[in-house]
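J.: Dropping a prediction and its sequence here:
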Amino acid sequence: MRTDESTSTIKTDIGQLSSLLRRLCLPRWIWRSAVLVLAALAWLWVSKQILIAGALVSYEGLQSLGTQVVTFLTRINPYLWWAVTIILTLIVLSLARNWLKSSVKHGRQASVSVSDVQKLAQGMSSEGVDVLLWVWDKDAGPVTIGDLIAAREQLRNGRVRKLATARAQHQALLMARDGQTQTSVPPDQ
């Protein structure tokens, strides 16, 4: 196969994989986006409530500690509530990040239906199917979304050429081995 044909075939295979991945992943993307938007809105509301409540705090009841203490607490009051808001922000960001990572990991482990794999295989070149077979560990389970993502990345990174080189090297080694065994066998007399 010529290089321009091979490049065109690889681009077609990548397009097939990307199209299937978009269709399979779109519901999860929408769900994740909705959860993150709701979490952000809840965070904004809670943060605003903390800052409003903090602005209403009065330290006049602490006059027994002294006027300087009350003045100091009154002066730093906005900063205290901003610090609480920043700590809350860090907690929310950490929780959102962990949830998102877990959701992505769970999504990559989702199985792809047999009919989707059949349609994909029919639309891909034999080289593209070889790359998908190379990525997929059939002993670990069915083809997953993560396998499709990995196959697409491998196609982009030249796995077709690497597999062809590996086959050629394997063939050369087999020929060398077979040639050595034939020459090392003593001739019949």
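T.: The structure has been received and is ready for your questions.
J.: which secondary structure elements does the top helix by length along the chain contact?
T.: Longest among the helix segments of the chain by residue count, using DSSP state H, is helix 3-55. Where contact means 3 or more CB pairs under 8 Å, 6 or more residues apart in numbering; DSSP states H and E, helix 3-55 is packed against helix 67-108, helix 114-123, helix 126-135, helix 145-156. Bear in mind the C-beta positions are built from the backbone N, C-alpha and C, glycine included.
J.: centroid residue for this protein?
T.: Centroid check for the chain by CA atoms, centre = their mean gives residue 104 as the closest residue, at 5.7 Å.
J.: Next, the buried residues of the helix or strand of the chain with the lowest mean pLDDT.
T.: Ranked by mean pLDDT, DSSP states H and E, the weakest helix or strand in the chain is helix 159-184, scoring a mean of 83. Neighbour counts over helix 159-184 (16 or more other CB atoms under 10 Å) mark 159-160, 163 as buried.
J.: Equivalent analysis for stretch 71-87, please.
T.: 77, 81, 85.
J.: ok, now which ones touch the first one?
T.: For residue 77, the contacting residues are 54-55, 57, 59, taking CB atoms under 8 Å, 6 or more residues apart in numbering as the criterion.
J.: Name the member of the residues you listed that has the highest neighbour count.
T.: Ranked by neighbour count (other CB atoms under 10 Å), these have residue 54 at the top, with 17 neighbours.
J.: circling back to that earlier point, which other helices and strands contact the least confident helix or strand of the chain?
T.: So helix 159-184, by 3+ CB pairs under 8 Å, 6+ apart, packs with helix 126-135.
J.: Check which residues of the helix it packs on are buried.
T.: Buried-residue list, helix 126-135, by 16+ other CB under 10 Å: 127-132, 134-135.
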